[in-house]
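Colleague: Coordinates for the following, if possible.
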Amino acid sequence: MSFILQHGYGKSDKLDYVSEHTTVSSVILSPTDETPEGLAQTATHLKSLGVQPLLDPQTYLYTDGVGLAGRCHSSNGLSFSPIRWSQSPGDVQKVLTAVEQANNSLGTNSLIAPSILQSSFEDIWTPLGIQYARAAAETWSEKEVYASIVFEEIAFAGWEQINDWLDEITTIDVHGFYLLANHRGTLSYPASGWAPNHLANAMRMIYTLTEINGYELIWGYSDIEGLLGLAVGATGVATGWHNSLRRFSIDKWRPKSGGAQPIPRRFVSTLLSPLRLDGELSVISSVGASHLIPKSRADALFQEYMSDAEYWKRGISQKHHMVSMGDLVSILTNLSIPDRLDTVESWIQQSLQLFEDLGRQNLIFEGSYTIKLQILSEAIRAFRNSEGI
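Modeller: As a prediction, this is how the structure comes out:
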């Protein structure tokens with residue numbers, strides 16, 4: 001199991017810092033956010049750090065009806081006309097060729113295959129999604145291929161449809177899968193974006209692909225939910241510095257104007273939540289309750305900045321979050337699946353209990369924290385009931 005960083009705009013020294021202070025196996029590069037020269041330099045530098053570069057070709061943005069494009073896609077040779085469900089095998093091959101050329105320029109050893117955004121596991125797009133995976137496996141037979149599986153979150157509503165899709169996708173000889181679940185709408189951070197039963201079905205799908213069928217699986221943009229994925233067999237989970245790199249949504253690629261700066265926050269491992277410095281963490285300290293929040297290794301790295309909003313800049317908060325996540329991933333690495341599930345469940349229950357204890361001191365927090373934790377708890381319970389683990 002491994003911790004992965006999702007690359008985006010504004011990387012600065014974040015890749016270096018996080019890989020120095022926690023174990024990072026890979027960085028998934030974004031062709032939206034850097035020119036070919038910049039991406040090549042980043043890939044070369046990652047290799048010098050012992051970190052594997054992977055390229056997400058982001059072809060799901062060109063799914064007919066989505067109508068988006070990445071800022072630097074054209075210069076990276078990854079700008080396409082709308083991909084329709086009736087696309088011919090020849091057109092599929094042209095997309096594969098472009099993705100291969102982009103990977104060759106970076107010298108990557110493993111390739112993430114292109115695919116489309118699907119709203120269902122059994123709609124008119126399903127054959128094309130499978131065709132991309134199969135064509136990539138055959139075309140790049142000497143490479144480690146990760147087939148992209150990119151679905152709307154609502155697609156995970158029904159297990160029977162997922163199970164039928166699994167019967168077909170597991171006939172393909174790929175190394176693994178790159179999973180993305182699209183969450184639409186402007187949900188406030190740190191909203192979950194999941195319904196409990198949908199998340200439980202996503203966990204069942206991960207478990208079936210990895211533990212039952214022996215594939216690798218990287219869950220992109222998964223952040224805290226990624227811990228549940230690891231618990232059931234995912235071999236890599238990813239997060240990043242911006243909120244848009246922690247939860248996958250195609251809204252990230254929609255043009256925006258203006259907007260406020262993110263509220264200064266600090267991720268608290270024992271609460272599995274990113275609390276606001278002003279009005280949440282500051283109030284906890286003022287009532288003498290800080291002893292309820294043990295210091296993590298990430299906290300120790302930034303001890304001098306911990307409670308000072310003037311110095312707790314966005315870059316510090318981002319590094320702290322990623323190191324915190326990397327350390328949580330490392331705790332799960334050598335455990336069995338039942339023990340991983342038990343561990344994550346205990347983290348969630350302890351966090352909920354701590355919120356309850358703090359609430360009894362008349363401290364008020366954003367309701368999204370406990371709602372998210374309750375969703376995670378319900379999803380684990382539903383998964384265990386379904387799989388008998």
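Colleague: top strand in this structure by residue count?
Modeller: strand 144-152 (DSSP state E).
Colleague: Tell me which other helices or strands whichever helix or strand comes after that one touches.
Modeller: Later in the chain than strand 144-152, the nearest helix or strand by DSSP states H and E is helix 159-169. Identification of packing neighbours for helix 159-169 by 3 or more CB pairs under 8 Å, 6 or more residues apart in numbering; DSSP states H and E yields helix 126-139, helix 196-207. In this view, the C-beta of every residue, glycine as well, is placed from N, C-alpha and C.
Colleague: I'd like these laid out as JSON lines, including mean neighbour count and distance to Ala238.
Modeller: Listed next are the helices and strands packed on helix 159-169 as JSON lines, based on neighbours: other CB atoms under 10 Å; distance: least, CB to CB, whole Å:
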{"stretch": "helix 126-139", "mean neighbour count": "19", "distance to Ala238": "20"}
{"stretch": "helix 196-207", "mean neighbour count": "23", "distance to Ala238": "14"}
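Colleague: will you turn these into CSV that also has distance to Ser81?
Modeller: As requested, the helices and strands packed on helix 159-169 are arranged in CSV below (distance: least, CB to CB, whole Å):
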stretch, distance to Ser81
helix 126-139, 15
helix 196-207, 31
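Colleague: Output the ones you listed as TSV; include the columns distance to Tyr189 and mean pLDDT.
Modeller: Shown next, in TSV, are these (distance: least, CB to CB, whole Å; pLDDT from 0 to 100):
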stretch	distance to Tyr189	mean pLDDT
helix 126-139	30	98
helix 196-207	18	98
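Colleague: out of those helices, nearest to Gly38?
Modeller: For the helices and strands packed on helix 159-169, distance to Gly38 was read as CB to CB. The smallest value, 25.4 Å, belongs to helix 126-139.
Colleague: Run the angle between the closest one and helix 159-169 for me.
Modeller: Calculated by axes from the mean of the first three to the mean of the last three CA atoms, to 10 degrees, helix 126-139 forms an angle of 30 degrees with helix 159-169.
Colleague: what's next to stretch 234-242, contact-wise?
Modeller: Residues from elsewhere that reach stretch 234-242, judged by CB atoms under 8 Å, 6 or more residues apart in numbering: 1-11, 14, 25-26, 28, 176, 179, 206, 210, 216-223, 226-227, 229-230, 245-246, 315, 318-319, 321-322, 325, 329.
Colleague: Among those, which ones are in helices?
Modeller: 14, 206, 223, 226-227, 229-230, 315, 318-319, 321-322, 325, 329 (DSSP state H).
Colleague: hmm, back to that, can you flag the buried ones in the contacts of stretch 234-242?
Modeller: 1-8, 11, 14, 25-26, 28, 176, 179, 206, 210, 216-223, 226-227, 229-230, 245-246, 318-319, 321-322, 325, 329 (16 or more other CB atoms under 10 Å).
Colleague: Point to the helix or strand of this structure where mean pLDDT is at its lowest.
Modeller: One helix or strand of the chain scores below all others by mean pLDDT, DSSP states H and E: helix 282-286, with a mean of 80.
Colleague: What is the helix or strand that it is followed by packed up against?
Modeller: Proceeding N to C from helix 282-286, the next assigned helix or strand is helix 297-301, under DSSP H and E. Here helix 297-301 is seen to pack against helix 14-21, helix 314-332 when contacts are counted using 3+ CB pairs under 8 Å, 6+ apart.
Colleague: So for the most centrally placed residue in the chain, what's the nearest residue that isn't a sequence neighbour?
Modeller: Nearest to the geometric centre of the chain sits Tyr221, at 1.9 Å (CA atoms, centre = their mean). Spatial nearest neighbour of Tyr221, chain neighbours left out: Phe248 (3.6 Å); criterion: CB to CB, 6 or more residues apart in numbering.
Colleague: Spit out the contact partners of that neighbour.
Modeller: Applying CB under 8 Å, 6+ apart, one finds that Phe248 lies in contact with 180-183, 220-222.
Colleague: That one and Ile212, how far apart?
Modeller: 25 Å (CB to CB, to the nearest Å).
Colleague: Ok, Arg276 next?
Modeller: Distance from Arg276 to Ile212, by CB to CB: 42 Å.
Colleague: higher neighbour count, the two?
Modeller: Neighbours per residue, other CB atoms under 10 Å: of Arg276 and Ile212, the larger number sits with Arg276, 16 against 12.
Colleague: partners of the more buried one in the sheet?
Modeller: For Arg276, the beta-bridge partners under DSSP bridges are Arg265.
Colleague: so it sits right up against Val268, yeah?
Modeller: No - judged on CB atoms under 8 Å, Arg276 makes no contact with Val268 at a distance of 10.9 Å.
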